[in-house]
Structure formats: structure tokens, C-alpha cells
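Asker: Just the structure for this:
(3 chains)
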Amino acid sequence: MPTIRRFSATLVAAASLGWLIQSPALAADKPFADVGKQAPLTMLVPATPWLPAFTKMVEQYEAQTGNVVKLDVNPFGGVLDKARNDVHSGGGNYGALFLDTQWTIEMYEGGFVTPFADVDPAFVIPKEVLTYGDSGYWNAQKRWRTANGGKLMGFTVLGNVQMWYYRADVLKQAGLAPPKTWEDVLASCAKIGKPPATYGAVFRAERGNGIRYDWMQWMVERKGTVVKDPENGDFTVTLNSAANKASLDQFIELATKCGPPNPGSIGQGDVIQLMSTGKALQAQLVLAAWSNFEDPKKSAVVGKLEVVPLPKPAGGVAGGVIGNWNYTIEKGASAEQKKAAIAFAKWFLTYDAQYAYARSGGIPNRTDVLTSDLARDPAFRWMSAYAETMKSATQELGYAEGPQVEQILGLRLNQAMIGEMSSAKALNVAAQEIRDVFAKNGRKTAIGPSLPE
Amino acid sequence: MILRDLRDPRGGGIAGATFKYWSVAPAVLVLAALTVLPALALLRMSVSTITFADGREHWAFTPARNVAALASDPGLAATIVNTLLFVVVAVAIEMAAGLALALLVGSLTRGKGVMRTILIVPILVPPVAIGNMFKLMYNYDFGLFNQILVAVGLPAVSWLGSTSLALWSIVLVDVWHWVPFVFLILFAAVEALPVDVMEAAHVDGANRWQMLARIKLPLLKPAIIVALLFRAILAFKAFDEVYLLTGGGPGTSSELVSLHLYRVFFEQNQLGYGALLSVLTIVVVLSLLGAGRRFVVGAGAP
Amino acid sequence: MNASARGLASLTWTPAARTRALGLALIALSILIVVGPFIWVLANSFKSPIAILTGAWSFTPTLDNYVDVLSSKRSDFVHALATSFAVAAASTSFVVVIATLAAYSLHRFAWAQWAVRAMLVWTVAFHVIPIITMVGPWYVAFRALGLYDTRTALVLTHVVINLPVALWLMMSFFRAVPPEIEEAAMVDGCHSLAAFWYIVLPLVVPGLVATGVLAFIFSWNEFTIALNLTSQANATVPVVVSKFANDYEVQHGPMAAASILATLPALALMFFGQRFVVQGLTLGAVK
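Answerer: Numbering: from 1, shown residues only, chains lettered A, B, ... in the order given. The predicted structure follows:
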């Protein structure tokens, strides 16, 4: 098996190398989509592990169409900084803005990005493109991201979701199947983990986005919610429910029993470090981290990892929490820039472009690419698990108060993790604080009965 | 170039006669052009609520709402305590170490230039790199510090994961980073000590400690005060290290005012309340410094 | 150095020799503490990412990180070094001259007390304001002036953020000059401007150098303004370095290499720059 894998990896490498060498010649080939001559387009983009893949696509677009695209690459927070600076002062520096899912609401609600139909009434998103919980649509009446009554404001350039990473070699040796439930994980980590040499499973539970995002995954699997029905304006806080307490308790139990002795300070970088050095044997981690483990310079476990959809609690439902980057068009951009932005979007959303994007190391957003011949290639062995997860994945915190709610949860959940508060108290306190935020903003809100502490 | 034309030792012409005024003018101009408007904007923001709709900013005058937000901000108390602890401890260590180094290096007979160059290395490293490098060194499983501890038979320590240790781990990084700042200023002051005064005192038979306490320290006082003042302000604003190392956690154990302000102003985009926090920080720091000045001046009086 | 070597050789542990040896030991220890982490970063810059992550002591040195930093299309590190150098050198020159003149005037001449106090308090207050609350208004202003994404905008803002430290520092150094020296010069018929240039300035050269070094470093490492007021074309070193740390991974190897590449030229520049400045000023004084 390893021999075959190495062989096919070599094949893929050789094929992509040949493809790279040929790429200048591609200019003469038929473009993926005929988009005509366009003005130079400037995009505001984040420095991320998938940026090299996206850059390759931009180069290919330039070669095929002769149109020019400039990328203004920035660190994560810098993208928001610069987007705000520009749009608050009328805009015009950028044609396309890449927005993290949490920033889209601020930009949609503020009227800083333009509906695609205002630029090109004929524009339609191909039906094969995943909707990623409708993060690209805005219904201004409902103040909600939904295709139902909403306008198209963007599409996903990179759709991230958490997967279960495991060491196939270790599990096989121990005679274990990939876990289906958290109970399986608990049993397996006791069997395979030998701390401090190895940890059976690691979770991200550091204060802030780390623990908020990871725990919400567990929350949706027990059909838990933070607020009752935000889409229809009911912001009754439902965080302090028995289901949420159960998922938090289980999350804390696994993080403390399976992982390192400092779970409350484990962040994304730590999880990747523990996995790539071979110290962690399983982890809950975003798919975008995958490429780290397949590069021999960065990883001691090349070819040893597999991914499956995340385990569920016994009796739970499948679910996933999406974190995606959205391609949007700035309202203040010139008419030519907007037109050029639409042209690139049409090209980038074609099957051929998404196929090439996947081959360059990106995560494609089309179902037909996710089920193409690539999915059977061992180098893309994450594809089917990803496609499976995306069937039930959703957006969370899709309201203007999202960043505040995230910070409240990020702190209180972390305090429960490190034992400063009981899980019930953490949820009660957070629920109260979240209610206050909604009340201050004039939302219709209330709070359910407190959990017994 | 202008100065070169004025070598006439007695004259100085118009430029010489108006020296008092034109020498201050550039500084006043720069400050007026670049600080006044942003400061006024900040003040106005601190009593407003800013919302965004239809691609525009909408300002509303809401001082009461902003003050109410202050009263109901749950994390603020712990944040203030942490910040004061951080500033007092870090700055005290940095001042003591920087002064000691300045005096030690000042007493060398040769190699001062090289020493000065070597000892300022930490402030040259980009702060984002300092944060990430120390995060690696503090790592529980692979970090340099725990490797050393384990090698000498001690148990590994959770430098950033323990609520009682996280803040002090950040203080350690801050000390490493900023002692050079204090050293650089005080070393310059040591170098500028008037040679004849030192020699006279030496001839008078003053010993090392008498020289230090009675001659050197009083002469160094202006430089010490400036180093202390700006070091304290920068410590109040410390951000990169704590943001990169702990993000304020675990819990609220290493949350600092600067980080809290960043969350409110930038991440939550609450510009009004964020500006109010910023204005309050300025008021508090200035009053603390004012009180400190009175204390120093009072203590220094004979 | 020699004295202590002799002291050690003769084994006469007089109290003075002991203090001296202790002093040297303390200096050696501080060098170790200061340089240790830097050496560690230097070592990391030659390691593969996986060797860095495991904290390996033995490793096969590689130049990959340097190649990555210097050839990476997204960073354009050499260009950033040039931008950083131009901005830091220009803003340092301006701020040292502006602050020195202002500090001397405020120190030496009979300004009303409120004026001096207003200037000092205002500069300190401004220094306390968090930079993130300033960049918004600056962005709007520079854009209106057509200076967005120019080195001029960075030089101007770096001058103003360094002015408080420079002004206060230079005032403290002028205060340390005994007033009799200036008075003597004035009695000799020296005009105030000449007294400043020929008599006082040479006495504060160490202060000037320290002020210049600090202004240079703060400009060299300034991140928030440089990020917000420029695009890729005028990015400075800290902005480029920050791109090696993103949401999903910190590229420790390239970041270490970039830190070394950012630090060593600045160090060399300051070492030789100081000598140049000191010599220039001292020559001026000797004339």
C-alpha cells in the first residue's frame, strides 16, 4: 500500500509538473470561459496556506485571457483593517474583497459590497457550486444571509470545515476502525495514547475563536443552539440548555483525558505542531491544515494521515460549522473594476478552473469536482469526506453581534475548560452576557431558565 | 546647511535673532498637522455611536450609552488589575537591569561600541517574530525551556497554559525585549556625565557607592525619568506579545487593557465605546504619571 | 579587560578587583541572556520546518528558508528592506533635527511655563493614544492629499510618532549640560545659535545617537501604520514578516530567516551610522 501511494504521488507530482511547464502554452488553448478584455483588477486577499494555489489560478487566468489581476496580500487581521479603511472612505482601491465569513455581515449590512446582479443582471452561480450555508446571499429585510429573498453578494473561494484527522497506521496497528462517535474516541485514546510521549487526541480549546469554533461543532451535533430563531428575529438565548451542557461536558472530558495537560492554551498552531511531529495521534482540525501534513519538510507523518467526517455523540446528528472566505465586489469600485471582478468570478467558477484549483492545492467549491476522478486519487483522499461533511454543514453566529458573542463564548467556555467555572455556570454567565448584548441593540430577546449550578 | 552659513560667531543675522521661534516651529507644525485632528476625532467618537448603512457612516451623539457600556463591561476589572501588575513589575525589572547594564558597560575601558550594538539586538527583532519565537520556546511539549528543565531532571512547566504563570511568562518576554531600550537611554546619559566632576569626586576620595549615590544618580535623574516615563507608556500599550502568546488567556489571567481595547474597537467594531476606553486610558495614564512626577519631585527635594 | 586579567593572574583579590570581576561576569551573563534567544532564532532559520517544530538539537542545515523569503513572490523581501531603510533613515533624520531644535529652544529660552508644559503634556498624551485609533483619520487625510500608498506618508507619520520620545530625551540631555558652560560662551560674545551649534551640541552627542538609534528602530519595526497606509508596493519589513504568520500555520522557518535578514542589516547600519554621525559632529566641534 505505501509503495502504491508513493508511486501515485510521484505520478501526480510528475503530472502537475508537466502541467506547470506547459502552462504558458495554455494561453493559446481555449480559455475556461470567454470573458473578454477587462480592465486591471485589484483584489484584497489574505496570506493563507491556500494562497499559493489561488495565485496559480490568477496566473492562469492572466495567461488565458490577457487580463491583469493585482493581489494585495495581507495578514489575516490586515485584510479587515484595509477593507474597512477603504470602504469607509468611499472605496475605490479594490475591485474584489475577500471576506472571512464573520466579516460578511458587517459589509453586507453596511452596504459596502455590491450585489452581483447590479453589475451583471445575467450573472448566475452554476448550480454545482456549494452554497456554504448561503454566506454569499443577503436578505436586507430579515438582516440574514439566505438565498430565500436574498441577493447574491459573493461566493466561496475557500470553504473550510473541521474534519477528524487520524493516524491510519496507529489505528490499524491497534485494530481500531476510524471513530464514529466521541465515545469511540474516548475509548481509542486510552488505548493508543501514551502521554507524555504521544497524545490520543487533541482539541483546540484556547480562549477566543479557538474554543468557540471547536465546541460549536459539538453543539450542533446535539442540535444545540445559541439563540432560538435569529433568521426570523427571535433572539431568545438558548445557550444554557441541557444539551449544550452535555456537549460542553463531553468536550472538556475528551480534551482533558486525551490531550496534553494544558488543554486551555492549545491553539490551531499547537494542534498542527502536535500532529505533524507525530505526537498527537488524532485531532479535530480544519481541512485547510491538510497540506501541512503532506509536505515532508513540514511533517514527520507524510502519507500516514487520513480524514473522516467528525465523530458525533451517541445518538447525535451529523453537522459541521463552516468557516469560509467570500469573494465580494466593492461598492465603491469603478464600473470597470466591478465588471472585471464579475469576469474573473465567471472564469473561476467553471468546472475546469475549480478542477485546476484543486490540483494546485485549493479546496474546490463545486460538487462535480469533489466527485470527479480526483476523489479517487490518493493524493486527494480528503475529498469524499469533505463532500460528505458539506452536506450538513451550516453557518453559525450569522448576525451583527457575532464577534461579541464569539468573544463571550471564547472566554466563558475556556474558563470551564481550565476549571475556573463549572460548565453550567459558564453557560449561564455567557447566556446572560449574550442576552445583554442583544438587548442593548434593541433585538427581541429573552433568556431561558438557568441550568442548575 | 542653513547652520553652516551662520558661522559668524558674533552675528547670526535674522536667523540667529529669531532662533528661539523658528527652532520650535517644525515640531509644532508637525504636531498640529498630524495629531490634532485625529485626537479631536477620537474625542468625538468617544461620545458617539457609529453605525454603517447604505455605504456610509452614521454618527449619533450617545455619551450616556457609551458610559453605560463601560459600567456593564464584565471583563474590565480583571483587565485593569493585570495591566497594573504587568506595567509595575515589567518596568521595575527593566529599569533596574537597564541602569545596572548602563553603569557596568560605562565602566568598561574598551569595547563600549560593540557592547552597545550587541545589547540592543532584542529591540531590533520584529515584534511579530518575537511573539511567535517565544511561543515556540514556551511550548509545553517541544519548547526550549521545557527541554532544559527536563534535561536537568525537573518537571515540564505549562508556561502559557497555567493561570498563575501566563502573565509572568509574558513579563519575561517583555523584559527581554525592552531592557535594551532603558539601557540605550541610560548608557547615553552615563557617557555624557561630565568628566571633570567625576574626577573631582574621585580625587576627594569618594568610593564607588558614594560616587554612584551622590554624584552619578542625581546627574542621571533626568534621563532615568524620561526612560521610566516612556517605558511605562509603552508597557501600558503592550500588545503584540500578549496577543500572540496567550490572547489574554487562559481565562482572563493575562488579559491587558490594550488587548481588551483591540477586541472592542477592532474585532467588535464598536468604535464609540472603543474610543471611550482609549480616552479613559489616556486620562488614567496621565494622572498616574502626574502623581508619579509629584512623588519623584517630592522625594528628590532635600 | 586587561586590568582584570592582570588582577586574576596575580590572584590578589582586592575588593576593587573582585567588584570588577563581578561586573565583567554580569556583563557576560547579560550578553548570554540577550543573545541566546537570537542565536536560537538564527539556528531556526537554518532548520527545516519539521526540525523547528520538534525542537531538534541536531539537524541538517538548509538554506530553504532564506530562499523562500528572498524569492517568494508574495513578499518581495528585498524591496521591503529598501522601503524600510528609506523610511527609517528619512524619518529618523527629520525627527532628530526637529526634536533637537525644539528641545533646545524649550530648554534654553524664556518660554512661558504654560507653553513648555503644554508641549510636553501634549506629546505624552499623544504617545499614549493607541495607534489603531489613529490610523483611520490618517488614512482619510493621506488619501485626500493623494499620499496614500507613498513613502512620504510613512515618513511623516513615523516622524510624528517618534517626536514625543525624541523631544523628551533631547530635553533631558540638554538639562544635563551644566549651565555655566553656555553662559561662559555667551559672555565670550557667542550668539545663541553659535553657542548651540559649537558648544552645546557636541556635549550631547551620546544623547543624539541614542535618540537617533531609538527613532530608527521604532520606525524600522512599526507595523500598524505601515500596514494601513500602504499596499503591496510600499510594504515594509514588519508587514512582510507578519505574512509568515497566518490563521492556519506560522511559517517559523521563513519567519526566522526574515527576522535575521531584517535585524542584521539594521544592526550594521546603526553600528556604522553611529560612528559616522559621531565623527561628523565631533569634527564640527573641533573646528
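
Asker: I'd say C:Pro130 and B:Leu261 touch.
Answerer: Yes: counting by C-beta atoms under 8 Å, C:Pro130 does reach B:Leu261; the two are 6.0 Å apart. For glycine as for every other residue, the C-beta is placed from the backbone atoms N, C-alpha and C.

Asker: what ranges do the strands span in chain A?
Answerer: With DSSP state E as the criterion, chain A has strands at A:41-46, A:69-74, A:96-100, A:137-138, A:151-152, A:154-160, A:162-167, A:227-229, A:234-237, A:282-286, A:305-308, A:320-321, A:323-329, A:393-394.

Asker: wait, which of those strands is closest to chain B?
Answerer: Of all the strands of chain A, strand A:96-100 sits nearest to chain B, with 11.5 Å by C-beta to the nearest C-beta.

Asker: which regions of chain C lie under the pLDDT threshold?
Answerer: C:1-13, C:72-75, C:189, C:247-248, C:280-287 (pLDDT under 70).

Asker: right, and the strands of chain A - which one's nearest chain C?
Answerer: Using C-beta to the nearest C-beta, the nearest of those to chain C is strand A:69-74, at 4.9 Å.

Asker: Quick check: chain neighbours aside, which residue is closest to residue 262?
Answerer: Went with chain A since none was named. B:Gly161 (2.8 Å; C-beta to C-beta, 6 or more residues apart in numbering or on different chains).

Asker: oops, I was thinking of chain C
Answerer: C:Val237 (4.6 Å).

Asker: okay, the strands of chain A in TSV with mean neighbour count, distance to A:Asp118 and mean pLDDT next?
Answerer: Shown next, in TSV, are the strands of chain A (neighbours: other C-beta atoms under 10 Å in any protein chain shown; distance: least, C-beta to C-beta, whole Å; pLDDT from 0 to 100):
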stretch	mean neighbour count	distance to A:Asp118	mean pLDDT
strand A:41-46	23	17	96
strand A:69-74	20	21	93
strand A:96-100	26	15	97
strand A:137-138	25	12	97
strand A:151-152	16	8	98
strand A:154-160	26	13	97
strand A:162-167	24	35	97
strand A:227-229	16	30	96
strand A:234-237	19	30	97
strand A:282-286	25	33	97
strand A:305-308	21	40	97
strand A:320-321	24	31	94
strand A:323-329	25	9	97
strand A:393-394	20	28	96
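
Asker: Nearest to C:Ile33, out of the ones you listed?
Answerer: strand A:69-74 (34.8 Å; C-beta to C-beta).

Asker: Quick one: find the helix or strand in the chain with the lowest mean pLDDT.
Answerer: In the absence of a named chain, chain A is used. In chain A, no helix or strand scores lower on mean pLDDT, DSSP states H and E than helix A:2-26, which sits at a mean of 43.

Asker: Poorly predicted segments of chain A, please.
Answerer: A:1-29.

Asker: Around chain C, which positions in it sit nearby?
Answerer: A:46-49, A:51, A:55, A:70-76, A:78, A:81-82, A:85, A:88-89, A:93, A:268-269, A:272-273, A:276-277, A:286, A:288-289, A:292, A:296-300 (C-beta under 8 Å from any C-beta of the partner chain).

Asker: Might you report the residue contacts of B:Thr35?
Answerer: C:Trp122, C:Phe126, C:Val160 (C-beta atoms under 8 Å, 6 or more residues apart in numbering or on different chains).

Asker: wait, doesn't the residue nearest to A:Asn262 sit right on B:Gly251?
Answerer: No: applying C-beta under 8 Å, one finds B:Gly161 not in contact with B:Gly251, separated by 10.9 Å.

Asker: Mind listing the shared neighbours of the two?
Answerer: With C-beta under 8 Å, 6+ apart as the test, B:Gly161 and B:Gly251 both reach A:Gly264.

Asker: The two: which is more packed in?
Answerer: Higher neighbour count among B:Gly161 and B:Gly251: B:Gly161, with 25 against 22, using other C-beta atoms under 10 Å in any protein chain shown.

Asker: Next one: the more buried one, what pLDDT does it get?
Answerer: pLDDT, B:Gly161: 93.

Asker: how would you label it: helix, strand or coil?
Answerer: coil (DSSP: H, G, I helix; E, B strand; the rest coil).

Asker: Next, it: phi, psi?
Answerer: phi -100, psi 0 (degrees, to the nearest 10).

Asker: Tell me the spacing between it and C:Pro37.
Answerer: In this structure, B:Gly161 and C:Pro37 are 21 Å apart, going by C-beta to C-beta, to the nearest Å.

Asker: next one: A:Gly110
Answerer: A:Gly110 sits 44 Å away from C:Pro37, going by C-beta to C-beta.

Asker: A:Thr156 now?
Answerer: 41 Å.

Asker: Overlap in contacts, C:Pro130 and B:Leu261.
Answerer: Counting by C-beta under 8 Å, 6+ apart, the residues touching both C:Pro130 and B:Leu261 are B:Ser278, B:Thr281.

Asker: The most centrally placed residue in chain B: what secondary structure?
Answerer: Geometric centre of chain B, nearest residue: B:Leu234, 2.2 Å, by C-alpha atoms, centre = their mean. Under the three-state scheme (three-state DSSP), B:Leu234 adopts helix.

Asker: The stretch 251-400 of chain A against chain B: which residues are in contact?
Answerer: A:260-267, A:269-270, A:273-274, A:277, A:279, A:331-332.

Asker: so how far is A:Gly259 from the closest residue to A:Gly410 other than its chain neighbours?
Answerer: With sequence-adjacent residues excluded and distances taken as C-beta to C-beta, 6+ apart, A:Gly410 is closest to A:Gly208, at 4.0 Å. Distance from A:Gly208 to A:Gly259, counting by C-beta to C-beta: 18 Å.

Asker: Neighbour count: the two, which is higher?
Answerer: A:Gly259 (26 against 21).

Asker: what's the closest non-adjacent residue to that one?
Answerer: A:Val202 (4.4 Å).

Asker: cool, B:Gly274 as well?
Answerer: According to C-beta to C-beta, 6+ apart, the nearest residue to B:Gly274 is B:Phe265 (2.9 Å).

Asker: Enumerate the beta-bridge partners assigned to the residue nearest the centre of chain A.
Answerer: In chain A, the residue lying closest to the centroid (C-alpha atoms, centre = their mean) is A:Asn160, at 2.2 Å. Here A:Asn160 shows beta-bridge partners A:Gly323, assigned using DSSP bridges.

Asker: Spit out the contact partners of it.
Answerer: A:Val286, A:Leu287, A:Ala288, A:Ile322, A:Gly323, A:Asn324, A:Trp325, A:Ile363 are the contacts of A:Asn160 under C-beta under 8 Å, 6+ apart.
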